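>>> How does the following fold in three dimensions:
(one chain, ligands or ions: 1)
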Amino acid sequence: MSYVDEVIAKVVEQNPSEPEFHQAVKEVLESLRVVIEANEEKYRKDALLERMVNPERQFKFRVPWVDDKGQVQVNTGYRVQFNSAIGPYKGGIRLHPSVNIGIIKFLGFEQVFKNSLTGLPIGGGKGGSDFDPKGKSDREVMAFCQSFMTELCKYIGADTDVPAGDIGTGAREIGYMFGQYKRIRGLYEGVLTGKGLSYGGSLARTEATGYGLLYLTQELLKLNGIELAGKTVCVSGAGNVAIYAIEKAQQLGAKVVTASDSTGWVYDPDGIDVAALKEIKEVKRARLTEYKNYRPNAEYHEGRGVWSVKCDVALPCATQNELLIDDAKQLAANGCLAVCEGANMPTTMDATEYLQKNGVIFAPGKAANAGGVATSALEMTQNSERLSWTFEEVDAKLQGIMVNICHNMVDAAERYGMKGNYVAGANIAGFEKVVDAMNAQGIV
Ligand code: GLU
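Alright, predicted model coming up:
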């Protein structure tokens, strides 16, 4: 059996009931097959892949908190410190009822390669909890965040592990967590990113994932001889990534006609009204059903359906496995030119393969959504030098990083004879740097 197949089989056997983690490992290792086969003997002897797929350590802890009725609630918290070869662990905290160890491990594994691709000195990690901030009062969210951080603060620090936001964790949650860390540890340090601007946050961090997605998309289209301006774009999601992806797409001259949340989706033939979307989601924390009150011409539909709308570019920005094989078929049949992932692993493996085989440009999340974590690394830099850069400075750096990622991904695919396979390109480019750092640091 080849080394790749052996390790995939072991991952499945040793991590039962973690399908998303299996999926992420399979996607990465399958696409690295040529690279690994060229070095099979050495890698096998060094157990390189076993070390890649096993987190350096993982924490699972109880998070008790008191709700507004005085009832004690208990959630489970996680932090997976996956790989620190190129820098302190870095990655978000997901707060969502679907969170379990398999989800956090898949996200942590992806993060290792994503962070490497940014070219910045950050290792990979991820954390979270099955706590659902939706429908909770601010006080309940604070109680949860304080309890979560009371345990988490033992394992993190500005030079060891720097968490950030992800689904369910935004500015409010980061603020409560930062306050509790500072109170317990007595350290005012850049231990979290995505902080508010008044206490060490970076300008452009809020916008970074969505803006970065568009910078990469625009560059990749350009390399394929396509102009983004004037194109129709479908976006899924209505969270931080989706909102700022829509905003930047419109600034770059495209027309975005959809957005979605966990209950339904909107089609706005005149182009999504970003100000309305921000008010509904960021201020009112309400459902997309409200969107029609702002835009009477728009349609609201229950359930899923964004990918049935005819578009030139599709940007899945909601969550994992939201773009399925039938969606891929419909997008391709509708003449979609490109799918660029704003979320982490939103496209299933068979859907990805279908798109690639049918001539649709496909940019994987670990490259396309790396702008968020890259700007987090810029926030760490600013915290270390105790300075704040202007929006324009951060945004210019972000653009440079995304264009670089795009070229590295394209070039790596070509180097291994897989021109146009950007999944392979991103995985190879991310993998090479991590391997180099791991080899240099010995068997640890
Ligand atoms: N949660 C984001 C991601 O998936 C950002 C992580 C960070 O800023 O550390 O990359």
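>>> low-scoring pLDDT stretches of the stretch 1-150 of the chain, where are they?
Within the stretch 1-150 of the chain, not a single segment meets pLDDT under 70.
>>> show me where it has helices.
3-14, 19-31, 33-38, 40-45, 48-53, 101-117, 138-152 (DSSP state H, counting those that start in this stretch).
>>> Buried deepest among those helices, which one?
Mean neighbour count (mean count of other Cβ atoms under 10 Å) peaks for helix 101-117 among the helices of the stretch 1-150 of the chain, with a mean of 27. The C-beta positions use only the backbone N, C-alpha and C, and glycine is treated the same way.
>>> could I get that one in CSV with only the CA atoms?
The C-alpha coordinates for helix 101-117 follow below in CSV (Å, rounded to 0.1, in the frame of the first residue of the first chain):
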residue,chain,number,x,y,z
ILE,A,101,-13.7,17.3,18.3
GLY,A,102,-13.9,16.1,14.7
ILE,A,103,-15.0,19.5,13.4
ILE,A,104,-12.3,21.3,15.4
LYS,A,105,-9.6,18.8,14.2
PHE,A,106,-10.7,19.3,10.5
LEU,A,107,-10.5,23.1,11.0
GLY,A,108,-7.2,22.9,12.8
PHE,A,109,-5.7,20.7,10.1
GLU,A,110,-6.8,23.0,7.4
GLN,A,111,-5.5,26.0,9.4
VAL,A,112,-1.9,24.6,9.4
PHE,A,113,-1.7,24.7,5.6
LYS,A,114,-3.7,28.0,5.3
ASN,A,115,-1.5,29.7,7.8
SER,A,116,1.6,28.5,6.0
LEU,A,117,0.3,29.8,2.7
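>>> what sits against the residue of the stretch 301-444 of the chain found nearest the ligand?
Proximity of the stretch 301-444 of the chain to the ligand (Cβ to the nearest ligand atom) peaks at residue 376, 3.3 Å away. Applying Cβ atoms under 8 Å, 6 or more residues apart in numbering, we find residue 376 in contact with 90, 122, 162, 164, 193-194, 202, 205, 208.
>>> let's see it at 6 Å
If you count contacts by Cβ atoms under 6 Å, 6 or more residues apart in numbering, residue 376 has them with 164, 193.
>>> do residue 7 as well
Applying Cβ under 6 Å, 6+ apart, the residues contacting residue 7 are residue 49.
>>> Which parts of the stretch 101-250 of the chain are strands?
Under the criterion DSSP state E, counting those that start in this stretch, strands of the stretch 101-250 of the chain are mapped to 123-129, 161-164, 232-236.
>>> got a list of contacts for the second one?
To tie it back to what came earlier, the one meant is strand 161-164. So strand 161-164 is in contact with 81, 88-90, 92-93, 125, 127, 192-194, 376, going by Cβ under 6 Å, 6+ apart.
>>> swap the cut-off to 7 Å and go again
With Cβ atoms under 7 Å, 6 or more residues apart in numbering as the test, strand 161-164 has contacts from 81, 88-93, 125, 127, 155-156, 190-194, 376, 380.
>>> What subset of those residues is buried?
Buried members of the contacts of strand 161-164, scored by 16 or more other Cβ atoms under 10 Å, are 81, 88-93, 125, 127, 155-156, 190-194, 376, 380.
>>> just to revisit the earlier point, the ligand: which of the helices of the stretch 1-150 of the chain is closest?
With distances scored as Cβ to the nearest ligand atom, the stretch of the helices of the stretch 1-150 of the chain nearest to the ligand is helix 101-117 (6.0 Å).
>>> Compute the distance from the centre of the closest one to the centre of its chain.
When distances are taken as Cα atoms, centre = their mean, to the nearest Å, helix 101-117 is centred 9 Å away from the chain's centroid.
>>> In terms of secondary structure, what does that helix contact?
Helices and strands touching helix 101-117, as assessed by 3 or more Cβ pairs under 7 Å, 6 or more residues apart in numbering; DSSP states H and E, comprise helix 19-31, strand 72-83, strand 89-95, strand 123-129, helix 365-368, helix 422-440.
>>> What residues does the stretch 1-150 of the chain have near the ligand?
Contact residues, the stretch 1-150 of the chain versus the ligand (Cβ under 6 Å from any ligand atom): 90-92.
>>> Can you lay out those residues as a markdown table showing distance to residue 68?
Shown next, in a markdown table, are these (distance: Cβ to Cβ, whole Å):
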| residue | distance to residue 68 |
| --- | --- |
| 90 | 34 |
| 91 | 31 |
| 92 | 27 |
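>>> Can you tell me which of those residues lies closest to the ligand?
Closest approach to the ligand among those (Cβ to the nearest ligand atom): residue 92, at 2.7 Å.
>>> can you pull the contacts of that closest one?
126, 163-166, 169.
>>> make it 8 Å
107, 126-128, 163-166, 169, 194, 373.
>>> With residue 302 instead?
Residue 302 neighbours (Cβ under 8 Å, 6+ apart): 263-264.
>>> Could you do residue 228 as well?
Counting by Cβ under 8 Å, 6+ apart, residue 228 touches 214, 217-218, 221-222, 249, 252-254, 313.
>>> The same query, at a cut-off of 10 Å, please.
214, 217-222, 249, 252-254, 312-313, 338 (Cβ atoms under 10 Å, 6 or more residues apart in numbering).
>>> From the residues you listed, list the buried ones, please.
Going by neighbour count (16+ other Cβ under 10 Å), these have 214, 217-221, 249, 252, 254, 312-313, 338 buried.
>>> Would you check which pair of those residues lies furthest apart?
219 and 312 (16.1 Å; Cβ to Cβ).
>>> For the most centrally placed residue in the chain, which non-adjacent residue is spatially closest?
Nearest to the geometric centre of the chain sits residue 344, at 4.3 Å (Cα atoms, centre = their mean). Leaving aside its chain neighbours, residue 344 sits nearest to residue 365 (5.0 Å; criterion: Cβ to Cβ, 6 or more residues apart in numbering).
>>> Wait, the one you found touches residue 322, no?
No: Residue 365 is beyond contact range of residue 322, at 11.4 Å (criterion: Cβ atoms under 10 Å).
>>> Show me whatever sits in contact with both of these two.
316, 341, 343, 345-347.
>>> Compare those and tell me which has the most neighbours.
Among these, the one with the most neighbours (other Cβ atoms under 10 Å) is residue 316, at 31 neighbours.
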